[in-house]
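Peer 1: Any chance you can model this:
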Amino acid sequence: MIKMKCLLIAVFAVVVQCCLFAATTHADSNCDSCLEAALRPLYSQLDVFRDQLDAVHVSCKKDVLNCSEVGPLGMEDHRIPDASITASSFWGNRADHAPHRARLNFEGGLASSWSSAGDSDPNPWIQVDLGCNVIITSLITQGRGDHDQWVTEFQVAYSDNGQEWTDVTAEGECAPTKFPGNSDRNTHVTTTFPKAFHARFLRILPTQWSMHCSMRFEILGCKSHE
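Peer 2: Numbering: from 1, shown residues only. Next up, the predicted model:
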């Protein structure tokens with residue numbers, strides 16, 4: 001609000017300068033001198049406009065994408081229901097390898113993780129419907145708890161509708177960023193994204209893995225105020 005008030009003051013200053021210019025041109029026959037005198041302060045105000053607009057833009061972005069407290073969004077504690085966790089495939093279409101087993105620290109049954117179908121799915125992915133738009137800041141990944149299988153590298157994409165996807169990229173880059181993953185069964189690896197983003201859907205796209213594409217994870221962020 002303070003920055004916006006400063007911008008309005010700057011606009012008012014320009015209006016005053018224009019009025020002075022009009023009055024001067026009627027009172028003085030030297031129009032060139034009048035024009036130069038009137039425009040000189042206007043030029044200085046242009047830099048003020050630019051600075052104020054940039055400041056307001058940055059301030060708005062920070063306000064929208066700021067999490068006062070980053071926390072888990074519900075994989076581990078089951079606030080995200082099983083039906084909201086889907087994948088391109090899972091091993092043998094068996095429930096004991098299904099996507100909902102990708103919850104961080106999940107244990108039990110035959111497979112303590114989600115496991116893709118293998119060779120029949122060369123480009124696997126797993127995604128979560130968070131139910132509404134939230135601010136996402138980071139991700140915790142983990143390998144399969146009962147076998148030496150884990151994702152060593154992955155990409156991330158996000159969406160508002162589950163149809164149109166945006167890749168997470170580094171600043172100034174067009175290609176999707178490849179994030180380092182895990183190197184054992186149970187160690188948590190936290191990946192912080194280059195910048196926070198709004199999304200309802202998050203998709204993880206493993207690009208390399210050890211032995212087999214299997215993983216567990218948690219999404220970190222906070223509720224959106226949009």
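Peer 1: so where's the chain shaky on pLDDT?
Peer 2: Residues of the chain that meet the criterion pLDDT under 70 lie in 1-64, 225-226.
Peer 1: And the residue most central in space within it, how far from Ser138?
Peer 2: Nearest to the mean C-alpha position of the chain, by C-alpha atoms, centre = their mean, lies Phe197 at 2.2 Å. Relative to Ser138, Phe197 is positioned 11 Å away (C-beta to C-beta, to the nearest Å). To be clear about C-beta, it is placed using only N, CA and C from the backbone, and glycine gets the same treatment.
Peer 1: Pull the longest strand seen in the chain out as CSV, backbone CA atoms only.
Peer 2: In the chain, assigned by DSSP state E, the strand with the most residues is strand 189-210. Output of strand 189-210 as CSV, limited to C-alpha atoms (Å, rounded to 0.1, in the frame of the first residue of the first chain):
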residue,chain,number,x,y,z
VAL,A,189,16.2,-36.2,0.5
THR,A,190,14.6,-32.7,0.5
THR,A,191,14.5,-30.9,-2.8
THR,A,192,13.6,-27.2,-2.7
PHE,A,193,12.3,-25.9,-6.0
PRO,A,194,13.9,-22.8,-7.7
LYS,A,195,10.7,-20.8,-6.8
ALA,A,196,7.4,-21.6,-5.2
PHE,A,197,4.4,-22.1,-7.4
HIS,A,198,0.6,-22.4,-7.2
ALA,A,199,-0.8,-25.8,-8.3
ARG,A,200,-3.6,-28.3,-7.6
PHE,A,201,-1.7,-31.2,-9.2
LEU,A,202,1.9,-32.2,-8.7
ARG,A,203,3.5,-34.8,-11.0
ILE,A,204,6.9,-36.5,-10.4
LEU,A,205,8.6,-37.9,-13.5
PRO,A,206,11.5,-40.2,-12.6
THR,A,207,14.3,-40.2,-15.2
GLN,A,208,16.8,-42.5,-13.6
TRP,A,209,16.6,-45.1,-10.9
SER,A,210,18.5,-47.9,-9.1
